[in-house]
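> Sequence and predicted structure below; questions after.
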Protein chains: 4
Amino acid sequence: MKLRDAALMLRTALDEAERMGVQVCVTIVDATAWPVTFARMDGVPLGVIDVSHKKARTAALFHMDSAEFAKVAHPNGEAYALEATNGGLTSFGGGVVIRNAKGAILGGIGVSGASTEDDISIARLAATTVRD
Amino acid sequence: MKLRDAALMLRTALDEAERMGVQVCVTIVDATAWPVTFARMDGVPLGVIDVSHKKARTAALFHMDSAEFAKVAHPNGEAYALEATNGGLTSFGGGVVIRNAKGAILGGIGVSGASTEDDISIARLAATTVRD
Amino acid sequence: MKLRDAALMLRTALDEAERMGVQVCVTIVDATAWPVTFARMDGVPLGVIDVSHKKARTAALFHMDSAEFAKVAHPNGEAYALEATNGGLTSFGGGVVIRNAKGAILGGIGVSGASTEDDISIARLAATTVRD
Amino acid sequence: MKLRDAALMLRTALDEAERMGVQVCVTIVDATAWPVTFARMDGVPLGVIDVSHKKARTAALFHMDSAEFAKVAHPNGEAYALEATNGGLTSFGGGVVIRNAKGAILGGIGVSGASTEDDISIARLAATTVRD
């Protein structure tokens, strides 16, 4: 994951949040879950920072969007308590896998602070701006 | 738990995974839950490393396979949230208690990365290679 | 600390690093040490990410540049081992207090990845771009 | 870092330790500091496990052998307290950078449990077995 691409995704996410009138944190990590870039919009509750980190980590570490992760980690899913691994993960939407045009995993983006539906929508829009 | 025995179990697990065409992480801990040996096969999602650790720890710390642990730690079980103790445990299959021929507990093995069913099958096969 | 101002400081630091031909991580925290924005340039060793975080935290938490902090926290200083508090701080240059025109503390910026001298120079330049 | 290569390095380190009549832990991580393989020889004090982890992490995260790291992180070095970052690093020898034939960083190996001199010697020998 190049900073150039991550910065573009971050910009896209912040612009979309502003357009929608919501405030979010955005975290982008590479394919090995190390941070590349991050921003917190004015007015977001401070607890949301870590949530955006964990959403991005969840997507990168398990190669699945956090909303999918929620299904397997649910008490009635096949991997209950999976969210307690890796320093704590996130079992709800807003973490999205970033792939290049060929489908290879480049990293994860975590958006948090708005409704889960809006978080997902912003993350998906941003994730699709990757160029290579 | 001797490293000689743990290394043999590790080798057995990796060979079996390769034979089945799956990629897994394998962690082996002694009866006091301290790590003895570990390996990550190429291509396993990085989040799986910690899952294999926690499966092995769960088996060693509570003297039960993690699939059994899942029943008592389930929200409807008798010890809900038990998985949040000890730095985080794992409430699904793939952690297996290692016993010697006389039934004494030698440690735990955690296998993760394939389906839960396959993880369990690999862990059980490896755990039975212990000689003394 | 507004994201608008933090984003401008971040941009300034990255541009200056590029001009100098060095690769750095830049972390900006608010006056309560909570992260506002962060970026890692391509090619920076991964251990540097946390160093930039800790430099920024050190400046914000103790109201002093990390190079000043190093003097009091040194084994021969008056507060030896102070760097072991607050989850770990940093006892060398590159963390700079961000103040507004009236001298009030707005936060801290941590720059890491180049020589300590260059890290400090980049951090100071960026910190002075704040407008209010 | 392929498991095949890491397993060969691990085997080399354990054989050399046995030949020298010392007991060690060996940790091998990839270039992003995620674990690939690990083994603890019989009789090694349990505290050494984490030391071998931290030596390997230090080498991978900062692209330098832990003995070199010790110089910059020393109270009189230019980056005192650097070892307090990244969850704790190690400021003494036994962590060695693993490079391929072209000099690219593949990961880090940490050897601990014998004298620092012997730990370094074992780690260096093992690190040079990488094939590509």
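Yes, it's here.

> alpha carbons only for contacts and neighbour counts from here, please
Fine.

> Enumerate the residues of chain A near chain D.
Selection of chain A residues close to chain D by Cα under 8 Å from any Cα of the partner chain yields A:T32.

> okay, and the helix or strand of chain A with the least pLDDT?
None of the helices or strands of chain A scores lower by mean pLDDT, DSSP states H and E than helix A:66-73, at a mean of 89.

> Can you find which helix in chain A contains the most residues?
In chain A, ranked by residue count with DSSP state H as the criterion, the top helix is helix A:3-20.

> one step back: state the next helix or strand along the chain beyond the least confident helix or strand of chain A.
Proceeding N to C from helix A:66-73, the next assigned helix or strand is strand A:95-99, under DSSP states H and E.

> A:F92 contacts A:A67, correct?
Yes - between A:F92 and A:A67 there is a contact under Cα atoms under 8 Å: 4.9 Å.

> The two - which one has more neighbours?
Using other Cα atoms under 10 Å in any protein chain shown, the more surrounded residue of A:F92 and A:A67 is A:A67, with 20 against 17.

> Give me the phi and psi for the residue in chain A positioned nearest to chain B.
Nearest residue of chain A to chain B (Cα to the nearest Cα) works out as A:L61 at 4.4 Å. The phi/psi pair for A:L61 (degrees, to the nearest 10) reads phi -80, psi -30.

> can you tell me how far it sits from C:G77?
42 Å (Cα to Cα, to the nearest Å).

> the more surrounded of those two?
With neighbours defined as other Cα under 10 Å, A:L61 and C:G77 compare such that A:L61 has more, 23 against 13.

> Tell me, how many residues neighbour the closest residue to the more buried one other than its chain neighbours?
Once flanking residues are discounted, A:L61 sits nearest to B:G47: 4.4 Å by Cα to Cα, 6 or more residues apart in numbering or on different chains. Number of residues near B:G47 (other Cα under 10 Å) recorded here: 24.

> who's in contact with B:G47?
Residues in contact with B:G47 (Cα atoms under 8 Å, 6 or more residues apart in numbering or on different chains) are A:58, A:61-62, A:85-86.

> which outside residues touch stretch A:125-132?
Here stretch A:125-132 makes contact (Cα under 8 Å, 6+ apart) with A:5-6, A:8-10, A:12-13, A:96-101, A:109.

> top of those residues by neighbour count?
A:I109 (37 neighbours).

> helices or strands next to the helix or strand hosting that one in the packing?
Per DSSP H and E: A:I109 is located in strand A:105-112. Applying 3 or more Cα pairs under 8 Å, 6 or more residues apart in numbering or on different chains; DSSP states H and E, one finds that strand A:105-112 contacts strand A:25-30, helix A:47-62, strand A:95-99, helix A:116-127.

> Check which strands are paired with it and give the direction for each one.
Strand A:105-112 has the following strand partners under DSSP bridges: strand A:25-30 (antiparallel), strand A:95-99 (antiparallel).

> contacts for it?
Strand A:105-112 is contacted from outside by A:1, A:24-33, A:48-49, A:51-60, A:63, A:94-100, A:119-120, A:122-123, A:127, using Cα under 8 Å, 6+ apart.

> That strand vs helix A:47-62, what angle?
Interaxial angle, strand A:105-112 versus helix A:47-62 (axes from the mean of the first three to the mean of the last three Cα atoms, to 10 degrees): 160 degrees.

> Compute the inter-axis angle for strand A:105-112 and helix A:116-127.
140 degrees.

> quick revisit: got the contact list for the longest helix of chain A?
Helix A:3-20 is contacted by residues A:23-24, A:26-28, A:36-39, A:41, A:122-123, A:125-127, A:129-131, C:39-42 when judged by Cα under 8 Å, 6+ apart.

> what's the residue closest to the geometric middle of chain A?
A:G110 (1.7 Å; Cα atoms, centre = their mean).

> That residue pairs with what?
Counting by DSSP bridges, A:G110 is bridged to A:T27, A:G95.

> Against the centre of chain A, work out the most remote residue.
A:N76 (24.1 Å).

> ok, that residue to B:S91 distance?
Separation of A:N76 from B:S91 (Cα to Cα): 11 Å.

> burial count for A:E117?
By other Cα under 10 Å, 10 other residues sit near A:E117.

> Would you agree A:A31 is in contact with A:F62?
No - assessed by Cα under 8 Å, A:A31 is found out of contact with A:F62, at 10.1 Å.

> Looking at those two, which one has more neighbours?
A:A31 (24 against 18).

> List the contacts of the more buried one.
By Cα under 8 Å, 6+ apart, the contact set of A:A31 is A:1, A:60-61, A:105-108.

> For it, report the pLDDT, please.
On pLDDT, A:A31 comes in at 97.

> likewise the one 10 residues further on?
With respect to pLDDT, A:M41 has a value of 98.

> same check, this time on A:R131
66.

> do the same with A:E83
In this prediction, A:E83 carries a pLDDT score of 86.

> Skipping its backbone neighbours, what lies nearest A:S52 in space?
In this structure, A:S52 finds its nearest non-sequential neighbour in A:G110, 4.7 Å apart by Cα to Cα, 6+ apart.

> likewise A:A84?
B:G88 (5.8 Å).

> so that neighbour touches A:L82, yeah?
No - under the criterion of Cα under 8 Å, B:G88 makes no contact with A:L82, lying 9.5 Å away.

> what about the two, which has more around it?
A side-by-side neighbour count of B:G88 and A:L82, using other Cα under 10 Å, places A:L82 first with 30 against 23.

> burial count for the residue nearest to A:A70 when sequence neighbours are not counted?
Of all residues not flanking A:A70 in the chain, A:S91 sits nearest, at 4.1 Å (Cα to Cα, 6+ apart). By the criterion of other Cα under 10 Å, A:S91 has 24 neighbours.

> Show the backbone phi and psi for A:S91.
Dihedral angles (degrees, to the nearest 10) for A:S91: phi -100, psi 50.

> got the buried residues for stretch A:120-132?
Judged by neighbour count using 16 or more other Cα atoms under 10 Å in any protein chain shown, the buried positions of stretch A:120-132 are A:120-124, A:126-127, A:129-130.

> Stretch A:16-35 now?
Using 16+ other Cα under 10 Å as the burial criterion, the residues of stretch A:16-35 that qualify are A:16-17, A:22-35.
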